[in-house]
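**Q** Below are the sequence and a predicted model; questions follow.
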Amino acid sequence: MRVACSPAPKEQLDKESRRDPFFISDDLSMDVNHFYLPAHYTDSLQEILVPHGMIVDRVEKLAADITSDYNGHTIHLICVLKGGSTFFYDLCAALRRMHDYSNQNYIPYTFDFIRVKSYEGTESTGKVEISGMDVKTLEGKHVVFVEDIIDTGLTMTSLMAHMNEFVKPKSVRVASLVEKRTSRSCGFKGDYVGFSIPDKFIVGYCLDFNEVFRDLNHIGVISKEGFEKFKDHVW
Ligand code: IMP
Ligand code: MG
């Protein structure tokens, strides 16, 4: 599916829910030697951008923001595969913890999965393939998409356009662990965003390069060696 890259319709996203993401500055670079890396990645990263502990702490806060914003309403989480899945599972665990101890008598969330593909290697193809779920099931629900990263914004813009063709949910918001500061952005903004990062290609915490690095806990930047090692990796 090919769509014009433009921000989502205003009525779709109530931007009052957006709080500033944690800002990772352009010159922040954490030495890989200060972190434990599994042997298969020791020479594949040039820096750590977001250590795993910090991801866990931010996810906890995003869950708290969501819990407070939707107090009393069941949300329908849509995990955007594959990259969003680790964030999705950690977010669900945090939402569950908060809800279970709040003694509230409603279901905190239901969920589904959607598959969206736009990247090959480190480049966006500009073409978005959507599959895996019937968006008509979103009718009348409080929908929250759970995505790994908003880069150009093309993926989320396409998903919104695809959904708007078929249904009118009660509300739609987007949780994205990361957003990239890039001149290629079409202006699409998430509502619950963990980190604002410089324009670098990142991997880890389920973000991949040719399907590699999804198993890495931290978020980091690939080294030249890592790029060479995995550039022809075929899954
Ligand atoms: P967008 O459509 O340009 O916003 O990109 C969104 C999708 O591209 C994300 O959901 C990721 O799957 C992938 N992507 C974008 N930037 C990166 C990156 O730095 N590392 C890994 N995947 C990325
Ligand atoms: Mg993604």
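**A** Sure thing, it's come through. Ligands and ions are numbered 1, 2, ... in the order given.

**Q** Could you find the closest non-adjacent residue to residue 94?
**A** Closest residue in space to residue 94, ignoring its immediate chain neighbours: residue 63 at 3.5 Å, by Cβ to Cβ, 6 or more residues apart in numbering. C-beta: built from backbone N, CA, C; applies to glycine.

**Q** Do you know the pLDDT at the one you found?
**A** Residue 63 carries a pLDDT value of 98.

**Q** Residue 171 and residue 73, how far apart?
**A** According to Cβ to Cβ, to the nearest Å, residue 171 stands 9 Å off from residue 73.

**Q** pretty sure residue 94 is in contact with residue 57, am I right?
**A** No: here residue 94 lies out of contact with residue 57, judged by Cβ atoms under 8 Å, at a distance of 10.3 Å.

**Q** Compare the two and say which one has the larger neighbour count.
**A** Remark: of residue 94 and residue 57, residue 94 carries more neighbours, 19 against 12, as counted by other Cβ atoms under 10 Å.

**Q** Contact partners for the more buried one?
**A** Residue 94 makes contacts with 59-60, 62-64, as judged by Cβ atoms under 8 Å, 6 or more residues apart in numbering.

**Q** SS state for it?
**A** The three-state label given to residue 94 by DSSP: H, G, I helix; E, B strand; the rest coil is helix.

**Q** Filter the contacts of residue 94 down to the ones in helices?
**A** Using DSSP state H, the members of these that fall in helices are 59-60, 62-64.

**Q** which of those residues are buried?
**A** Buried residues within those, defined by neighbour count using 16 or more other Cβ atoms under 10 Å: 59, 62-63.

**Q** For residue 56, give me its contacts.
**A** With contact set as Cβ under 8 Å, 6+ apart, residue 56 has these partners: residue 90.

**Q** what helix or strand does it sit in?
**A** With elements taken from DSSP states H and E, the one containing residue 56 is helix 52-69.

**Q** After that helix, heading C-terminal, what element do we hit next?
**A** Going down the chain from helix 52-69, the next helix or strand is strand 75-81, by DSSP H and E.

**Q** Average pLDDT for that next one, rounded please.
**A** The pLDDT scores in strand 75-81 average 98.

**Q** Centre of the chain to that strand, how far?
**A** On the basis of Cα atoms, centre = their mean, to the nearest Å, strand 75-81 sits 10 Å off its chain's mean C-alpha point.

**Q** who does that strand pair up with?
**A** When pairing is defined by DSSP bridges, strand 75-81 lines up against strand 109-120 (parallel), strand 142-150 (parallel).

**Q** Can you add distance to ligand 2 and give those strands back as TSV?
**A** Formatted as TSV, the strands paired with strand 75-81 follow (distance: least, Cβ to the ion, whole Å):
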stretch	distance to ligand 2
strand 109-120	6
strand 142-150	4
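
**Q** For those, which has the smallest mean pLDDT value?
**A** strand 109-120 has the lowest average pLDDT among those, namely a mean of 89.

**Q** Which positions in that strand come out as buried?
**A** Buried residues in strand 109-120, counting neighbours by 16+ other Cβ under 10 Å, are found at 109, 112-114, 116, 118-119.

**Q** by contact count, what packs against the helix or strand of the chain with the lowest mean pLDDT?
**A** Using mean pLDDT, DSSP states H and E, strand 123-131 stands out as the lowest-scoring helix or strand of the chain, at a mean of 79. In this structure, strand 123-131 packs against strand 109-120, helix 154-166, with contacts taken as 3 or more Cβ pairs under 8 Å, 6 or more residues apart in numbering; DSSP states H and E.
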